[in-house]
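1. turn this into a model:
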Amino acid sequence: TVSIHYSANLSESFHGFYKSTYRTQDGELRVLALTQFEPTAARMAFPCFDEPAFKARFSIKIRREPKHLALSNMPIMKSVNIASWLVEDHFDTSVKMSTYLVAFIVSDFKSISKITSHGIKISVFAVPDKINQADYALDAAVKLLDFYEDYFSIPYPLPKHDLAAIPDFQSSAMENWGLTTYRESALLYDPDKSSASSKLWITMLIAHELAHQWFGNLVTMEWWNDLWLNEGFAKFMEFVSVSITHPELRVEDYFLGKCFDAMEVDALNSSHPVSTPVEEPAQILEMFDDVSYEKGSCILNMLRDYMTADVFKAGLVQYLQKYSYQNTKNEDLWNMPMIYSYEIKDDHRCFFQICPTVGTDENELQGDNFCRRNQPSSSTAHWTRRETLDVRAMMNTWTLQKGFPLVTVTVRGKNVHLQQERYMKGVDSPSPKEYLWHIPLTYITSKSDTVQRFLMTTKTDVLILPEKVEWIKFNVGMNGYYIVHYEDDGWDHLIKLLKENRTVISGNDRASLINNVFQLVRIKKLSISKAFDLTLYLKHETQIMPVFQGMNELIPIYKLMERRDMGDTENQLKEYIVNLFKDLIDKQSWNDEGSVSERMLRHSLLLFACVRGYQPCVDKAREYFMKWQKSNGTLSLPTDVKTAVYAIGAQTSEGWDFLFSKYRLHSFNVEKDKIEVALSLSRNNDKLQWLMDQGLHGDMIKTQDLPHIIVFVARNPSGYHLAWTFLKENWEKLVEKFELGSHSIAEIVTGVTNQYSTRLQLAEVKEFFNSLEEKSSQLRCVQQAIETIEDNIQWMDRNFEKVKTWLQNN
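-> Numbering: from 1, shown residues only. Just a heads-up that it's a prediction; the model follows:
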């Protein structure tokens, strides 16, 4: 037994055992203390072997004043009065777990509680003035914890689970076992004032942190190189769980976007394999990125789609049961036995049936090693030969090499020729390393909407169709993590399909065509005019995914031009984009009616239209703002239109000041993020500078919100040079506050520079980061920023004149 006496001050950053503050409705400043240990900060709070593979049971005692309340992973067993002003709480001993999951909070929070159907006590804690906003999170947590216990067939092992809303929190949330912590905006929901996107985000975050209670807490990666085993799974389980517990939120509409986000960074040379070696703290922090989270979840979704949900789930449950309270490596996941079968049919392989090894009734397996289809036999039912699919070989191609494949499709009569290569931005010569993936291809054709499956394991292959087709669409529903190029007139047929009969393929399929066509322009496989030809169909599009994808491809092009001040063409492009969506914008009602998807679409379209100066929108928003200002902010505005209204109001100096005065009020708490967006859209440089300075100071604007504010200012044509100067002048302070390698630092670096497209800007960015010590200059986000600017330069050199010509002709 080793006893160590030690002392330390509460940390001033967002990690370790740190201090957070908030103001009550009466303006009194109150202090609380809490922990954030992942990945390497438990050592800041107590001496320990601070690595995930060293699991232990923790027994914790905390001394506090009577006016405070202490929380930890486990429930309090007893409280002892040490003195009239001091209480000692004894917490139950924890289960066996890693140091980064230990947590404790000392605060004056209030709580509300419910019991799940499995008998677990769930409580939500928040500052006293905001506990009335905790009901939604409590109900969601009860539903989700019940779902996971049933889904995993493994009981949640603790008697309670607390969710705490923290006034100062760097990331969105943290999965400490039995005591998950969240930003206030990630947990608190006001039915009258919170937006539809806020409800979706809160539900998904709670789903994410509760999934971690199994993936991450019960079974933990051995070392941070396999962080994706935690984060990829938790991200993926958000969609699995919420689609069942909250079907009205339609989470499946947003999963795709996550895969496109991951591909954006995964197409750069500076990307990394999902499983990649890391050693020191800054490298470990850098693993908390889109590749570990979003790509991890997308390749799991692809595997599930390929193996079917039931077999995939059986493998997961087996993995969790086998490794409970232990640590795992990437390969342990693929060692779960799963049996696959296929049939030879019409001269090509058609994967379609699985015989799970777990709990298969002997009678189902025939003596000759055949397995019957799980459906009533009919003349179309086939026998299928059982074969073991090598999941490990397949998934190693997705987890051990970076990037993703581009599949080129050439149709010759009934023969479909396939070729795969690595998709890579900004490089003219193919990469020296030979990349090869095992790609579970799916496709539909003009003749059949039945999804056909084909596993491509070689560089080239040929599919033979039963008959000639007009068009073929691969990657059905965008369930695969790859993009597709259609040679010869393949794209022309698909563009014609979008124009004439778009609903024959799903909204996700349309969104993936929009995404792919622009990615192919980047690597010179297609002309920009072809991509713009495809966008013309958007005039009739109404579904959220394709509309968002169209905006996500077109607005950045406009932004590149805006940065270079390219007058006429820039304005023509802006007009073209507004015109594409004009009918849809005009159709929007200025209220909060409709499904979550419809409401999120309304919010984005109206903000887009107002910011781009679409007059009917601007006039209406200005009228709303004047009325709202006249009522001294008491008039209740529809939630979905608030950001657009505030954005127009903030364009005048008086409106901006009025908005900021409301920002500081307690009653506008759930609207802070909307007001921040609006304030950062001002054309007044002094105000933009003041906003960032206040964020760094941390009193009127919380420092946790500073990374977003810097990026908002950087997107503003009046503010991008201010944001870059701010980053340079305050680099040391930002690193001290947010930690080198953190997602916050990466967000600032890439967010400030990703719209640069001149050689001068590139030289400036390189010069600044080269002037810093190696730890900063070698950050992955710096490499990403440089590659992105280089890619933007090439893009503008190649495509600007062509866009100009296309716009003049169309």
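2. domain ranges for this protein, per the record?
-> Annotated domains of the chain cover 220-354+388-402, 405-500, 613-682 [the TED database].
3. now those domains as CSV including distance to residue 73, mean neighbour count and mean pLDDT?
-> From N, CA and C alone the C-beta is placed, and that goes for glycine too. Formatted as CSV, the domains of the chain follow (distance: least, C-beta to C-beta, whole Å; neighbours: other C-beta atoms under 10 Å; pLDDT from 0 to 100):
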stretch, distance to residue 73, mean neighbour count, mean pLDDT
domain 220-354+388-402, 14, 20, 87
domain 405-500, 35, 17, 93
domain 613-682, 28, 18, 96
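4. and of the ones you listed, who's closest to residue 711?
-> domain 613-682 (8.7 Å; C-beta to C-beta).
5. what's the end-to-end length of the closest one?
-> For domain 613-682, the first-to-last residue distance is 14 Å (C-alpha to C-alpha, to the nearest Å).
6. what about it, distance to the chain center?
-> Centroid separation between domain 613-682 and its chain, computed with C-alpha atoms, centre = their mean, to the nearest Å, is 27 Å.
7. leaving out sequence neighbours, find the closest residue to the most centrally placed residue in the chain.
-> Residue closest to the average C-alpha location in the chain (C-alpha atoms, centre = their mean): residue 258, at 5.4 Å. Among residues not flanking residue 258 along the chain, residue 294 sits closest, at 4.4 Å (C-beta to C-beta, 6 or more residues apart in numbering).
8. so the one you found versus residue 749, what's the distance?
-> 19 Å (C-beta to C-beta, to the nearest Å).
9. equivalent analysis for residue 524, please.
-> 28 Å.
10. what does residue 258 give?
-> With the distance defined as C-beta to C-beta, residue 258 ends up 21 Å from residue 749.
11. and residue 524 and residue 749? Which one has more around it.
-> residue 749 (25 against 11; other C-beta atoms under 10 Å).
12. got the CA coordinates for whatever helix or strand that one lives in in PDB?
-> Residue 749 belongs to helix 743-753 when assigned by DSSP states H and E. The C-alpha trace of helix 743-753 is given here as PDB (Å, rounded to 0.1, in the frame of the first residue of the first chain):
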ATOM      1  CA  HIS A 743     -10.100  19.700 -31.400                       C
ATOM      2  CA  SER A 744     -10.600  23.300 -30.400                       C
ATOM      3  CA  ILE A 745      -7.200  24.300 -31.700                       C
ATOM      4  CA  ALA A 746      -7.800  22.300 -34.900                       C
ATOM      5  CA  GLU A 747     -11.100  24.000 -35.400                       C
ATOM      6  CA  ILE A 748      -9.600  27.500 -35.100                       C
ATOM      7  CA  VAL A 749      -6.600  26.700 -37.400                       C
ATOM      8  CA  THR A 750      -8.600  25.100 -40.200                       C
ATOM      9  CA  GLY A 751     -11.700  27.300 -39.800                       C
ATOM     10  CA  VAL A 752      -9.600  30.500 -40.200                       C
ATOM     11  CA  THR A 753      -7.600  29.300 -43.200                       C
END
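13. so what touches stretch 649-667?
-> Stretch 649-667 is contacted from outside by 23, 25, 129, 621-622, 625, 628-629, 633, 646, 668, 671-672, 675-676, 678-679, 681-684, 687, 700, using C-beta atoms under 8 Å, 6 or more residues apart in numbering.
14. one more: stretch 762-778?
-> Residues external to stretch 762-778 that are found in contact with it (C-beta under 8 Å, 6+ apart): 282, 724, 728, 731, 735, 740, 753, 756, 782, 785-786, 789-790, 793.
15. among these, name the buried ones.
-> Burial by neighbour count, judged by 16 or more other C-beta atoms under 10 Å, picks out 282, 724, 731, 735, 740, 753, 756, 782, 785-786, 789-790, 793 from the contacts of stretch 762-778.
16. and the angle for the lengthiest helix in the chain with helix 743-753?
-> Assignment by DSSP state H gives helix 780-809 as the longest helix of the chain. Helix 780-809 runs at 30 degrees relative to helix 743-753, counting by axes from the mean of the first three to the mean of the last three C-alpha atoms, to 10 degrees.
17. who does helix 780-809 touch, helix- and strand-wise?
-> Where contact means 3 or more C-beta pairs under 8 Å, 6 or more residues apart in numbering; DSSP states H and E, helix 780-809 is packed against helix 507-522, helix 528-535, helix 544-564, helix 567-587, helix 743-753, helix 759-770.
18. let's see 7 Å
-> Judged by 3 or more C-beta pairs under 7 Å, 6 or more residues apart in numbering; DSSP states H and E, helix 780-809 is in contact with helix 507-522, helix 528-535, helix 567-587, helix 743-753, helix 759-770.
19. confirm residue 453 sits in a helix?
-> No - Residue 453 is assigned strand when assessed by DSSP: H, G, I helix; E, B strand; the rest coil, not a helix.
20. next, count neighbours for the residue lying closest to residue 744 once chain neighbours are set aside.
-> Excluding its sequence neighbours, the residue lying closest to residue 744 (C-beta to C-beta, 6+ apart) is residue 738, at 4.0 Å. Using other C-beta under 10 Å, residue 738 has 24 other residues around it.
21. these two touch, right, residue 738 and residue 170?
-> Yes - in this structure, residue 738 is within contact of residue 170 by C-beta atoms under 7 Å, at 6.5 Å.
22. mutual contacts of those two, please.
-> Applying C-beta atoms under 7 Å, 6 or more residues apart in numbering, one finds that residue 738 and residue 170 are jointly contacted by residue 744.
23. dump the domains of the chain into CSV; add distance to residue 546 as well.
-> Below are the domains of the chain laid out as CSV (distance: least, C-beta to C-beta, whole Å):
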stretch, distance to residue 546
domain 220-354+388-402, 10
domain 405-500, 9
domain 613-682, 20
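24. closest to residue 185 out of the ones you listed?
-> domain 613-682 (6.1 Å).
25. contact partners for residue 33?
-> Here residue 33 is in contact with 10, 17-19, 106 (C-beta under 7 Å, 6+ apart).
26. taking these together, which two end up most distant?
-> Farthest pair in the contacts of residue 33 (C-beta to C-beta) is 18 and 106. Separation: 11.6 Å.
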